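K.L.:
please find the sequence and the predicted model below.
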Amino acid sequence: MPGYRSKPVLNNVSLEVNPGEIVGIIGLSGSGKSTLMHHFTGLLKPDCGEILVNSQNLWDKNTDLAKIRQQIGLVFQFPEKQLFKETVFEDISVGPKNLCITNTETIARVHNAMQSVGLDVSKYKTSSPLNLSYGEKRRVAIAGILALKPKCLMLDEPTAGLDPAGIKLIHKVISDFKASEKTVVVISHNIDFVLTIATRIIILHNGSIHFDGQKNKVIATPKIITEIGFPVPRIIELTRQLKKAGYLKNEEIYSLEKIKERISF
Amino acid sequence: MIEITDLHFSYNMHAENDTPILTGINLNIQSGESVAIMGANGSGKTTFARCLNGLLIPTNGSVKIAGLETTQPDNLRQIRRKIGMVFQNPENQIVSTTVEREIAFGLENLGLDYEEMHAIVEQTLKRFDLSKYREHPPHLLSGGEMQRLAVASIVAMSPEIIIFDEPTSLLDPAHCNMIVKLILELQQEKTEPPLTTIFITQFPYEALYFNRLLVFHQGRIYLDGSPADIFLKRDELCKIGLEVPIEFEINDYLLKLSQGQVSLNPSEFLPIR
C-alpha cells in the first residue's frame, strides 16, 4: 500500500491472475489501477504485502527482477511517448537487442511484431516514428513490446485516443494473445471494450477491490458498476430497452455483434 | 467569431515526400456555437486546432479569430487571450508544483488581483472535483485527474473560445459525463460574447451533446451538420473508418433488417442537454 503523502493509493489488495486469463481492470480515475499494474512488474514496491510472479517474490533478494520483467510486457498510458529511434525498425528492435538476441532472430521478431499490429513492413520499416500519425505511433509502441515475446501482456488504457480502426487492432492483439493461452491484464475506461474482451473483471474503488469475478455477473447486475459512481454502461441500457420493446429475448448480452445476432422483431 | 478560408497546412512544405495535413478547409463558427469534431487518427483534427490559436500558421489560406488574422504576429497575443486550449496530453501543459498553483498560474498571468484569483481558484477546484488534491503535485495525479486539472486551469481563465482536444480520452465514464456537462453549463452562462466551444473526441456519443458536428477526413471537412442527423448516415461514416453511437448502429441495423419497417426512435437516444 504505497501512499503519496499520507493517503494510501492501494489498500489491502489481494488477487491472483492465472495463465490464459484476460482480466479487465476498471475503476474511477485515481482509484489505483495504474499503481496496481506498476506493482505487477516491480516498478513500485509495496509498503506491505507481497507480489509473487510464478511463485517468486518480486522483492526477495535472490529474485532476478530483470528476468521477470522480460516475461511481462507492460504497455504504459500513451506508450508512443517512449518512441525515440530514427526508424520504426530500430525502435521496435531496441527490446530484442537489449536481450542480446541474434540479429536474424531480432529481424524475424520485428517483422512478426509489425505484422501483428497491422504495420506493413516494407512501407513503415524505414519511416521515422515521429512522423507517423497518432494511431500508427501507438502500433509501433505496442509492436516494441510484442517483439520481446512476453508471456503476459499488461496494457494501461490501450484504446485512449484511438479511432475505431485502432480499437479493433488492440482487440486483435489481445485476442491473438488469448489464442496462444497467454495472460492479458488490461486497464480501460472503455467499458464496452472491456466487457467484450475480458473474461474476468476487477473493479477497484478507492484503492481496494470492490468486485472481482466473471464478466457475466457484472452484466447481469449492473449495480456492481453503478454503486461506485459509474453510469450504467450504454450497451447494458441499450439491451434493456431492446428487451422492453420485444426485439431481444431475456438473456445477458454484452456486445454489439451479439445483439445483432439475436435481434428479431 | 472564427472565419476560415481555404486553409491548407503541411509540416514540411519544402520536402519532396511532403503529405499535406489540411487540404482546403472553409468554415465559419459563430460566437456561442458548441461544435464537436470527429475524425480518424491522422485526419487533421489536432493540426486544425493548432491553426486556430496560431500555434501553427497556414501554409495557404487564412484563419481569422474575431477579425484577427493568425498570420500577423502582432495579433497572436490577443488571439491566445481569446482562445483557451486544452491539449490532448495533459502533461504537455501542466507547469506548476501543486494543483492549486496550476489553476492560479493562468490567472496570475492575466494580472488578476489576489482576492479575485483566490475566489476563482476555490470555485474551480470545487467544480472539477479537485479540492481534495489542492496541495498535490500534479505529476502524482492519475492520468484522469491530470486531464481534469488541464481542463480546469483553462476554464478558470474564462476565455471566449475553448478548444478541447480529446479531453476525455483518459477519463472514466463518470468523469467523461462530468466534463461534458460542465462544458454545457459553461455554455449556458450569460457572458459577453457568449462562450464558443470546440470539442475534439473519439467518442461519438459525446458529440451528441453539441449543436454541431464536423467530421474530418483526409484534411477536409467531410460532413458538417447536427450530430443526430449525421449519425443517421451510418454507412457514410463507416466508409471513412468511423462509427456511430451504438444506439444509432442498432437502429440502422433494425431498419435494414426490416427493410425500413422497424426502427428505434433516435431522439430517445439523445443525452439530456
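P.N.:
That came through fine.

K.L.:
now B:Thr196. Its backbone dihedrals?
P.N.:
Here is the backbone geometry of B:Thr196 (degrees, to the nearest 10): phi -110, psi 130.

K.L.:
identify the bridge partners of the closest residue to it other than its chain neighbours.
P.N.:
Nearest non-adjacent residue to B:Thr196, counting by Cβ to Cβ, 6 or more residues apart in numbering or on different chains: B:Ile161, 4.4 Å away. Just so you know, the C-beta spots here come from the backbone N, C-alpha and C atoms, and that holds for glycine as well. Listed beta-bridge partners, B:Ile161: B:Ile83, B:Thr196 (assigned using DSSP bridges).

K.L.:
B:Ile161: neighbour count?
P.N.:
The number of residues packed near B:Ile161 is 23, by other Cβ atoms under 10 Å in any protein chain shown.

K.L.:
confidence score at it?
P.N.:
Looking at B:Ile161, its pLDDT reads 96.

K.L.:
again, but for A:Ala141
P.N.:
So A:Ala141 comes in at 93 (pLDDT).

K.L.:
now do the same contact list for the residue nearest to B:Thr196.
P.N.:
By Cβ atoms under 8 Å, 6 or more residues apart in numbering or on different chains, the contact set of B:Ile161 is B:Met1, B:Ile2, B:Leu52, B:Ile65, B:Lys82, B:Ile83, B:Gly84, B:Leu195, B:Thr196, B:Thr197, B:Ile198.

K.L.:
just to check, B:Phe210 is in contact with B:Pro227?
P.N.:
Yes: in this structure, B:Phe210 is within contact of B:Pro227 by Cβ atoms under 8 Å, at 6.3 Å.

K.L.:
and for those two, which residues touch both?
P.N.:
Residues touching both B:Phe210 and B:Pro227 (Cβ under 8 Å, 6+ apart): B:Ala36.

K.L.:
and the pLDDT for B:Val151?
P.N.:
We have a pLDDT of 90 for B:Val151.

K.L.:
oops, could you answer that again for A:Ser6 instead?
P.N.:
64.

K.L.:
closest to chain A out of the contacts of B:Ile161?
P.N.:
Chain A lies nearest to B:Ile198 out of the contacts of B:Ile161, by Cβ to the nearest Cβ, at 17.0 Å.

K.L.:
what's the first helix or strand after the helix or strand where the closest one lies?
P.N.:
Per DSSP states H and E, B:Ile198 falls inside strand B:196-200. Scanning forward in sequence from strand B:196-200 by DSSP H and E, the next helix or strand is helix B:204-207.

K.L.:
that following helix near chain A at all?
P.N.:
Yes: judged by Cβ under 8 Å from any Cβ of the partner chain, helix B:204-207 and chain A are in contact via B:Tyr205.

K.L.:
which elements pack onto that helix?
P.N.:
The contact analysis (3 or more Cβ pairs under 8 Å, 6 or more residues apart in numbering or on different chains; DSSP states H and E) places helix B:204-207 against strand B:34-39.

K.L.:
what angle separates the helix or strand just after the strand it packs on from strand B:196-200?
P.N.:
Per DSSP H and E, the first helix or strand lying C-terminal to strand B:34-39 is helix B:45-52. Relative orientation of helix B:45-52 and strand B:196-200, computed by axes from the mean of the first three to the mean of the last three Cα atoms, to 10 degrees: 150 degrees.

K.L.:
and helix B:45-52, how far from the chain's centre?
P.N.:
The chain centre lies 10 Å from the centre of helix B:45-52; the measure is Cα atoms, centre = their mean, to the nearest Å.

K.L.:
buried ones in whatever helix or strand A:Lys168 lives in?
P.N.:
Following DSSP H and E, one finds A:Lys168 within helix A:164-179. For helix A:164-179, the neighbour count (16 or more other Cβ atoms under 10 Å in any protein chain shown) marks A:Pro164, A:Gly166, A:Ile167, A:Leu169, A:Ile170, A:Val173, A:Ile174, A:Phe177, A:Lys178 as buried.

K.L.:
show the average pLDDT along that helix.
P.N.:
For helix A:164-179, mean pLDDT is 90.

K.L.:
which residues does the strand holding B:Ile198 contact?
P.N.:
B:1-2, B:29-38, B:45-46, B:49, B:52, B:88, B:160-167, B:183, B:186-187, B:206-207, B:210.

K.L.:
show the buried residues in the residues you listed.
P.N.:
Among these, those scoring as buried are B:1-2, B:29, B:33-38, B:45-46, B:49, B:52, B:88, B:160-167, B:183, B:186-187, B:206-207, B:210 (criterion: 16+ other Cβ under 10 Å).

K.L.:
can you give me the strands in the chain?
P.N.:
Unless you meant another one, I'm taking chain A. Using DSSP state E, the strands of chain A run over residues A:3-4, A:7-8, A:22-26, A:52-53, A:56-57, A:72-75, A:152-156, A:183-187, A:200-205, A:208-214.

K.L.:
try again with chain B
P.N.:
B:2-9, B:22-29, B:34-39, B:60-65, B:68-69, B:83-86, B:161-165, B:196-200, B:212-217, B:220-225.

K.L.:
what sits against residue 81?
P.N.:
You didn't say which chain, so I picked chain A. B:Asn89 are the contacts of A:Lys81 under Cβ under 8 Å, 6+ apart.

K.L.:
let me rephrase: I mean chain B.
P.N.:
Counting by Cβ under 8 Å, 6+ apart, the residues that B:Arg81 touches are B:Leu110, B:Pro159.

K.L.:
could you redo the last one with a cut-off of 10 Å?
P.N.:
B:Asn53, B:Asn109, B:Leu110, B:Met157, B:Pro159, B:Glu160 (Cβ atoms under 10 Å, 6 or more residues apart in numbering or on different chains).

K.L.:
now A:Lys243
P.N.:
Contacts for A:Lys243 (Cβ under 10 Å, 6+ apart) come out as A:Lys249, A:Asn250, A:Glu251, A:Ile253.

K.L.:
try it again with 8 Å
P.N.:
A:Lys243 neighbours (Cβ under 8 Å, 6+ apart): A:Lys249, A:Asn250.

K.L.:
any idea how far B:Arg101 is from chain A?
P.N.:
When Cβ to the nearest Cβ, to the nearest Å is applied, the distance between B:Arg101 and chain A equals 16 Å.

K.L.:
nope, B:Val121 is what I meant
P.N.:
In terms of Cβ to the nearest Cβ, B:Val121 sits 20 Å off from chain A.

K.L.:
and what of B:Phe203?
P.N.:
Distance of B:Phe203 to chain A, given as Cβ to the nearest Cβ: 9 Å.
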